[in-house]
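Student: Return a 3D structure for these sequence lines:
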Amino acid sequence: MKQEVIKLKSRYKDINSELIQIKDNKYLLETNSEYVRLSRAENRTIYSIDLEGGPIIDVGDTIQGKKIKSIKSQYVIEFE
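Tutor: Numbering: from 1, shown residues only. Presented below is the predicted three-dimensional model:
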């Protein structure tokens, strides 16, 4: 399997964020953003990640044709 890398755009030129494939439908978010805000549901499940300068990554969003199924701790994004 060739490891896919999805680059995410920030409105700040010095912020680099990307999703790096770690399994078939699981990607690890890597960023040099100093500020990352997580939004959680009442049951503590992560439903959103807000990176410095964007983008905001929400469960249910689509990135490059892939729909986000879940966000796990340590910034693992799982697609459907």
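Student: What ranges in the protein fall below the confidence cut-off?
Tutor: 1 (pLDDT under 70).
Student: What segments of it are helices?
Tutor: Counting by DSSP state H, the chain has no helices at all.
Student: In it, mark out all the strands, start to finish.
Tutor: 5-8, 17-21, 26-31, 36-40, 46-51, 56-58, 62-63, 66-72, 76-79 (DSSP state E).
Student: Arrange those in JSON lines, one row each, with mean neighbour count as further columns.
Tutor: In short, each C-beta sits where N, CA and C put it, glycine included. Supplementary listing: these in JSON lines, determined by neighbours: other C-beta atoms under 10 Å:
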{"stretch": "strand 5-8", "mean neighbour count": "14"}
{"stretch": "strand 17-21", "mean neighbour count": "18"}
{"stretch": "strand 26-31", "mean neighbour count": "18"}
{"stretch": "strand 36-40", "mean neighbour count": "12"}
{"stretch": "strand 46-51", "mean neighbour count": "18"}
{"stretch": "strand 56-58", "mean neighbour count": "15"}
{"stretch": "strand 62-63", "mean neighbour count": "12"}
{"stretch": "strand 66-72", "mean neighbour count": "15"}
{"stretch": "strand 76-79", "mean neighbour count": "19"}
